[in-house]
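Asks: Return a 3D structure for these sequence lines:
(2 chains)
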Amino acid sequence: MSDLVKRLAINTGIARKILTGFIKDEIAKTGMKRAVLGLSGGIDSALSAYLSAEALGAENVLAVRMPYKTSSADSLSDADLVIQALGIASITVPITDMADPLFAQFPDMSNGRKGNIMARLRMTVLYDQSVAWGGLVMGTSNKTEILLGYSTIYGDSGVALQPIGDLYKTQVRQLSASLDMPLSVLTKAPSADLWVGQTDEGELGFTYADVDQVLLLLVDERYMLDEVVAEGFARPFVEGVWRRVKVNHYKRTMPNIAKVSRRTIGHDFLYLRDYT
Amino acid sequence: MRVNVGLAQMYPKIGDVRHNLEKHLAYIDQAASQNVDLLIFPELSLTGYQVQDLIPEVAIRTRRDDPTFAALLDASKRLDLMVGFVHQDERRRYYTAAAYLSAGEIVHIHHKIYLPTYGMFDEGRYFDQGENIRAFDTRFGRVGMLICEDFWHTSPAYVLWLDGADMLLFQSASPSRGLDGGDRLSGTRWVELVNQAYGSMFTNYVIHCNRVGYEDGKNFWGGSSIVDPDGEFLLHGTYFDEALLTHTIDLNQLHRTRSRLPLLRDERPSIVQREIARILKENPS
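Replies: Numbers count the residues shown, from 1 in each chain, chains lettered A, B, ... in the order given. Reported below is the predicted structural model:
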């Protein structure tokens, strides 16, 4: 296994160079120079904020804190540490008064449904700030959660660009550790903080350290399931992970368009997003 | 004989030939002011890499009345040029192409023969395959041009070597990939290893220009380089950023290395020919 940990290691200097260049380039191509991002106090959005500030200049990054009434106090204070450390602009837009009236209409609403609504309200706030501030909405999703589908479609996945979407969670930690990030942000347990006591690893049922190794083999190195099991991972774990990756693929693609004409958007009308 | 070689490690804008031509002319001005003799641009330098359905809009027919080529031919009176573009032939087929221009003339056009169509690459969907591997004469001696995947296969470089090329001119649009714990990306390490191998095994100059910049999340790592006939880098290591890189090479090194290491003298292509003929006969593909 220690070999797999080594295979997940990244040269953080190269990662930083490519990702800050990407942010700068993508935003410049749209004719803008600013970015808006939701800052939760967690490591993913903190890393996106650090990279954005380096790429665009702190004065061109707006961090938006969007607490719900049950959000942990640590989330807000950790986000604040990042804002202070980087010197980026910030606003706080609580979502409680937006979310609660909808929740009240469905008294038996599950935590999952509430979590999705909160994620989509935050997306709505960010896209509104995108216009008000004149910046693109910066994604904060990592490769692990995109592959596992541990996200809300049109919620946290609703963004204009994804700078850290090809870094596994353990690689996000490596890159973050190489930056001068507040210790509490680096070390706390990952959580979507959608309800009290929620943690990613508790909800997923495995650790990022383990699942990243399995995903590295399955996705990057094209191992078959049996080959991953032969590396020493429990079969139910490996199969469960791969099932998650597959059933959530719809979250990673645009909705299918039914083809009837000779040339159809999404099928054979092929241009880069960057071409405008 | 000494040749001042320039590598225009540029960032072409996708689909904007006019913008890219202006950029070429700016690099040419800068190179001319540094007395560069031969300036190499990257693959598809006039169009950007993933042109997809833009191909009919950006293709060039290389006629003298084409404004893009007219400007480049005019510039080639100042210094020799190798540029990358989409070539439309008389039958309206499209090729990824490299043109060598000198003294106002088109000296040679190479059509990319290996079109990667796997993983993140989709070139075979859009382009026709080139059919020829030919060295050609320039005022700096005989050279050969290859485009990216062409030199991931050993045979085109080998054929050019036998056809008399002492300088291999490579252009590419090589996307960054393989971030690991190493000092360079694994894709970079691989290409640099290959280029050093060609220099070593062919006792040739290997001159490679790779682009930089971003296209839809892909980025291109640059790292344009010159390898000498001893297989050593004379120039390399400028990664990710735009740059005009220059280095003066000494073609007399060819005879010095080949006196020590007569691999070219001892090469026996007739055996290769005989064995390949046998293999093709036994395993027709």
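
Asks: right, and the secondary structure at A:Pro67 would be what?
Replies: When classified by DSSP: H, G, I helix; E, B strand; the rest coil, A:Pro67 comes out as coil.

Asks: can you pull out the helices in the stretch 151-276 of chain A?
Replies: Under the criterion DSSP state H, counting those that start in this stretch, the stretch 151-276 of chain A carries helices at the ranges A:169-178, A:183-187, A:200-204, A:208-215, A:225-230, A:235-247.

Asks: The stretch 51-200 of chain B too?
Replies: B:55-58, B:67-75, B:123-126, B:154-162, B:186-202.

Asks: and these as TSV, adding mean neighbour count, distance to chain A and mean pLDDT?
Replies: Using the backbone N, CA and C atoms, a C-beta is placed for each residue, glycine as well. Below are the helices of the stretch 51-200 of chain B laid out as TSV (neighbours: other Cβ atoms under 10 Å in any protein chain shown; distance: least, Cβ to the nearest Cβ, whole Å; pLDDT from 0 to 100):
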stretch	mean neighbour count	distance to chain A	mean pLDDT
helix B:55-58	15	10	96
helix B:67-75	18	19	96
helix B:123-126	15	9	97
helix B:154-162	19	25	98
helix B:186-202	18	9	97
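
Asks: name the element B:Ala277 belongs to?
Replies: Assigned by DSSP states H and E, B:Ala277 belongs to helix B:269-282.

Asks: residues of that helix that come out buried?
Replies: Buried residues in helix B:269-282, counted by 16 or more other Cβ atoms under 10 Å in any protein chain shown: none are found.

Asks: Model confidence score at the residue of chain B found nearest chain A, please.
Replies: Using Cβ to the nearest Cβ, the single residue of chain B nearest to chain A is B:Gly181, 3.7 Å away. Model confidence at B:Gly181, given as pLDDT, is 96.

Asks: Alongside chain B, which residues does the stretch 1-150 of chain A contribute?
Replies: Within the stretch 1-150 of chain A, the positions adjacent to chain B are A:6-7, A:9-11, A:14-15, A:17-18, A:21-22, A:25-26 by Cβ under 8 Å from any Cβ of the partner chain.

Asks: out of the residues you listed, which is most surrounded?
Replies: Greatest neighbour count in those, by other Cβ atoms under 10 Å in any protein chain shown, goes to A:Glu26: 23 neighbours.

Asks: Could you find the closest non-adjacent residue to it?
Replies: A:Leu161 (4.7 Å; Cβ to Cβ, 6 or more residues apart in numbering or on different chains).

Asks: likewise A:Asn248?
Replies: Among residues not flanking A:Asn248 along the chain, A:Gly149 sits closest, at 2.2 Å (Cβ to Cβ, 6+ apart).

Asks: burial count for the one you found?
Replies: 18.

Asks: Comparing the helices of the stretch 151-276 of chain A by mean pLDDT, which bottoms out?
Replies: Here the lowest mean pLDDT among those goes to helix A:200-204, at a mean of 88.

Asks: May I see the buried residues of that helix?
Replies: By 16+ other Cβ under 10 Å, the buried positions in helix A:200-204 come out as A:Asp200, A:Glu201, A:Leu204.

Asks: go on, stretch B:235-244?
Replies: By neighbour count with 16+ other Cβ under 10 Å, stretch B:235-244 contains the buried residues B:Leu235, B:His236, B:Thr238, B:Tyr239, B:Phe240, B:Leu244.

Asks: Point me to the residue sitting closest to the centre of chain A.
Replies: Nearest to the mean C-alpha position of chain A, counting by Cα atoms, centre = their mean, stands A:Ser141 at 1.4 Å.

Asks: picking that back up, what's the closest of the helices of the stretch 51-200 of chain B to B:Gln253?
Replies: Closest to B:Gln253 of the helices of the stretch 51-200 of chain B is helix B:186-202 (Cβ to Cβ; 10.7 Å).
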